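Engineer: when you get a sec, could you give me coordinates for this:
(chains A and B)
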Amino acid sequence: MNNFIEELRWRGMLQDMTAGIEEHLNKGKATAYLGFDPTADSLHIGHLVGVMTLLHFQRAGHQPVALIGGATGMIGDPSFKSAERNLLDEETLDRNIAGIQKQLEKFLDFGSDKPNQALLVNNYDWMAGFSFLEFIRDVGKYITVNYMMAKDSVKRRLEEGNGLSFTEFTYQLIQGYDFYHLWKHQNCSIQLGGSDQWGNIVTGTELIRKKEGGEAYALTVPLITKADGSKFGKTEGGSVWLDPEKTSPYAFYQFWLNVSDADAAKYIRIFTTLDREAIEALEKEHAEGPHLRLLQKAIAKDVTIRIHSEADYEMALKASGILFGKSSLEDLASLDERTFLQVFDGVPVMPVERSSYLNAENVVELLCTDQTIFASKGEARKLIQGGGLSINKIKITDPHAKPEIPLLQETYLLVQKGKKNYFIITITG
RNA sequence: GGGGGAAUACCAAAGCGGCCAACUGGGACGGACUGUAAAUCCGUUGACUUAUGUCUUCACAGGUUCGAAUCCUGUUUCCCCCA
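Structural biologist: Take a look at the predicted model:
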């Protein structure tokens, strides 16, 4: 059994913890929980820090509990949000919970043969039947309004003058009660969470102490930041999801590969399970040849395989080589149709009839068959004149030239607008 | 309520009768370089068109003029000062 706290500490995943937690953990197997909001049917990589925290907890021999906030998700945490959330209906919640559970199984061992098997609980199960009267009598009684108002999350909302609804105000009590419930019924003595959850977590420890004189602990992990100050986990396309339907394994792999040097050393500790020696060796190598981006590749590989699969990783690697390597028409043509379509999965497609392809006066006309690739012919012409357009990896320089480019698989043209924007023209008919 | 000023393309900001599709900066997008990076440099940034031409733009609606983003009238909105 390795030391959970030590592990988090060297990985830079320790933000704050309550006194006595180390001693408590040293006594033997403990149980900790961490909550996920079921706001979507998939987790995104922002959730990954929490998931990894639970993973380390289990690897340290302890029992992790993933709590899905079926009840709290109906309310919305006021922490660091400026406006109240829309309430989710039950049907959506059920779907979201199922999706999230499936993803958690890739990290945590839910096998019942383990003494420290992971558990998945849904606070809706114990909150749904809780009557208002019972709640204010059994829970509300122990926590003063003064205490609740002193929380940063609440204080901020009051100061901003927008106010917050009673429902939101109650959030910390519900979360506090979750902790109490798990403490009471699952012997769960620790709540883990992002640093923004600190206030909510200690409301729980407070409740446990006041209600039953019990001991409970809190531990938070830092919010992930980027060196350039922009928000972590976002691309132009939005969040990076774990669900391959929302973010393709290729895009997922690319996200990690594009992490900046400044962030890579931090992220490899947080998002992979590589041990300290391996990471330090990689860092050393990376420092000698930063352009090889060994750290980024290591993170991308580890995370992609875990979330998706070895095969998805291979595919992403292959796709990246074709898209960004010094690949040629031959490389493209060497792909069989199935692989080609997988590599370019998610790329916008513009269907063109074979007759209009054959009759096209020039490249621009072909490219502007509809608005998929360019909004106007002028735009297409300008880009071509600026040297920014390739078809099947061949740079087009003359907007008036006839589109005499061999089709891939007799059917496809791969259009490259700039370096990173790909489109496929499918010749039909 | 009285007085003054302003409204320009994604944003900021010039232009104040023809040389204005509109200076410049930022952003965005492309190119070169590179590590699918940062920094730097270069180009594009209303639409159409075989470029050197046409069409629609400078709050809105009218007007003056051969000709207006630029002058006049009205409308709307915003800002400042005095009450």
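Engineer: going forward, measure contacts and count neighbours with C-alpha atoms only.
Structural biologist: Will do.
Engineer: look at the closest residue to A:Gln117 other than its chain neighbours and tell me its secondary structure.
Structural biologist: Leaving aside its sequence neighbours, A:Gln117 sits nearest to A:Phe110 (C-alpha to C-alpha, 6 or more residues apart in numbering; 5.1 Å). The three-state label given to A:Phe110 by DSSP: H, G, I helix; E, B strand; the rest coil is coil.
Engineer: check the gap between A:Phe110 and RNA strand B for me.
Structural biologist: Distance, A:Phe110 to RNA strand B, by C-alpha to the nearest atom of the strand, to the nearest Å: 34 Å.
Engineer: burial count for that residue?
Structural biologist: By other C-alpha atoms under 10 Å, the residues close to A:Phe110 number 18.
Engineer: residues contacting it?
Structural biologist: Going by C-alpha atoms under 8 Å, 6 or more residues apart in numbering, A:Phe110 touches A:117-119.
Engineer: check the closest residue to A:Met127 other than its chain neighbours and give its pLDDT.
Structural biologist: Of all residues not flanking A:Met127 in the chain, A:Ala71 sits nearest, at 6.4 Å (C-alpha to C-alpha, 6+ apart). In the predicted model, A:Ala71 carries a pLDDT score of 83.
Engineer: with the one 5 residues further on instead?
Structural biologist: Among the per-residue scores, A:Gly76 shows a pLDDT of 65.
Engineer: show me what contacts the residue nearest to A:Met127?
Structural biologist: Listed by C-alpha under 8 Å, 6+ apart, the contact partners of A:Ala71 are A:122-124, A:127-128.
Engineer: can I take it that A:Lys402 is in a helix?
Structural biologist: No. With three-state DSSP as the criterion, A:Lys402 is assigned coil and is not in a helix.
Engineer: the spatially closest residue to it that is not a sequence neighbour: neighbour count?
Structural biologist: Setting aside the residues directly before and after it, A:Lys402 is nearest to A:Asn362 in space (C-alpha to C-alpha, 6+ apart), at 4.3 Å. A:Asn362 has 16 neighbouring residues, counting by other C-alpha under 10 Å.
Engineer: flag the shaky bits of the stretch 151-300 of chain A, pLDDT-wise.
Structural biologist: A:236-237 (pLDDT under 70).
Engineer: tell me the SS of the closest residue to RNA strand B within it?
Structural biologist: Closest to RNA strand B within the stretch 151-300 of chain A is A:His291: 3.5 Å, counting by C-alpha to the nearest atom of the strand. Using three-state DSSP, the three-state assignment for A:His291 comes out as helix.
Engineer: rewinding a little: any chance of the contacts of A:Phe110 in TSV, plus distance to RNA strand B, neighbour count and secondary structure?
Structural biologist: Formatted as TSV, these follow (distance: C-alpha to the nearest atom of the strand, whole Å; neighbours: other C-alpha atoms under 10 Å; DSSP: H, G, I helix; E, B strand; the rest coil):
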residue	distance to RNA strand B	neighbour count	secondary structure
A:Gln117	37	18	coil
A:Ala118	35	27	coil
A:Leu119	37	18	strand
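Engineer: what's the closest of these to A:Ser334?
Structural biologist: A:Ala118 (45.7 Å; C-alpha to C-alpha).
Engineer: quick check: that closest one vs A:Thr272, distance?
Structural biologist: From A:Ala118 across to A:Thr272, the span is 19 Å (C-alpha to C-alpha, to the nearest Å).
Engineer: returning to what we had before: same list (the contacts of A:Ala71) but as JSON lines, adding neighbour count and pLDDT.
Structural biologist: Listed next are the contacts of A:Ala71 as JSON lines, based on neighbours: other C-alpha atoms under 10 Å; pLDDT from 0 to 100:
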{"residue": "A:Asn122", "neighbour count": "18", "pLDDT": "92"}
{"residue": "A:Asn123", "neighbour count": "23", "pLDDT": "91"}
{"residue": "A:Tyr124", "neighbour count": "20", "pLDDT": "88"}
{"residue": "A:Met127", "neighbour count": "17", "pLDDT": "91"}
{"residue": "A:Ala128", "neighbour count": "10", "pLDDT": "85"}
